[in-house]
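Asker: kindly return the folded structure for what I paste below:
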Amino acid sequence: MKINALKLPILAMLVLPFLSCEKDDDNGPDNEQELITKVTLTFTGGGQTLPFSAEDKDGDGGNAPVIDNIVLKANTDYSLATTFLHTLHTPVEDLTIEVKNESNDHLVCYAATGAMATPVIQDKDSAGKALGLESTFKTGAAGAGTLKITLKHKADKDNANACGTGETDIEATFNVTVQ
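Answerer: Next up is the predicted model:
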């Protein structure tokens, strides 16, 4: 059987779609969660700026994260700025920007024990509800305690226990010494 030169382009248009590469998965998640490998808490107060971090250098699984011990002055007013990074990505991704841009979908939660005071959230999302990237607190007398930080995704900010809702993007517990 001979193929006419005029029929060749038509035949190509019919056959090429079946020979093309693998089809894209358009049914995948629309807003896949980013991998957060480092949380930095920057305390400013008492004439100092003190950064402390928790970093999971190999991502999920594998080795335990490395978490700095926080040392703060007693009876001192502090502001606290929290940042989130994906350090395994080249270049390093500052996911704090994404948290700010999607503020209605995120909530930074703090839980303190012992001598550590619980930070009071100062920043708001676009709906006027707590976000948690910026907070303030005052330390009391010398002692020890912990500060747990949790970044929640899709938390119900109207719930009395908003930090108990939604999905946890990252969580880290720091040991704190107030001296």
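Asker: just give the nearest non-adjacent residue to the residue nearest the centre of the chain, would you?
Answerer: Central residue of the chain (C-alpha atoms, centre = their mean): Phe84, 4.9 Å from the mean position. Once flanking residues are discounted, Phe84 sits nearest to Leu95: 4.3 Å by C-beta to C-beta, 6 or more residues apart in numbering. Every C-beta, even on glycine, is put in place using the N, C-alpha and C of the backbone.
Asker: for that neighbour, give me the pLDDT.
Answerer: We note a pLDDT of 96 for Leu95 in this prediction.
Asker: then Leu35?
Answerer: Confidence score, pLDDT, at Leu35: 89.
Asker: repeat for Gly61
Answerer: 79.
Asker: hang on, the earlier thing: so for the host helix or strand of the residue nearest to the centre of the chain, mean pLDDT?
Answerer: Per DSSP states H and E, Phe84 falls inside strand 77-86. Averaged across strand 77-86, the pLDDT comes to 98.
Asker: sheet partners, orientation included, of the following helix or strand past that strand?
Answerer: For strand 77-86, the following helix or strand on the C-terminal side (DSSP H and E) is strand 93-94. When pairs are called by DSSP bridges, strand 93-94 turns out to pair with strand 77-86 (antiparallel).
Asker: just the CA trace of the partner strand, in CSV.
Answerer: Extracted in CSV, the C-alpha atoms of strand 77-86 (Å, rounded to 0.1, in the frame of the first residue of the first chain):
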residue,chain,number,x,y,z
ASP,A,77,10.8,42.7,77.5
TYR,A,78,11.4,40.8,74.2
SER,A,79,10.0,40.9,70.7
LEU,A,80,10.2,37.6,68.8
ALA,A,81,10.4,37.2,65.0
THR,A,82,9.9,33.7,63.6
THR,A,83,11.2,32.5,60.2
PHE,A,84,10.9,29.3,58.3
LEU,A,85,13.4,28.0,55.7
HIS,A,86,13.8,25.1,53.3
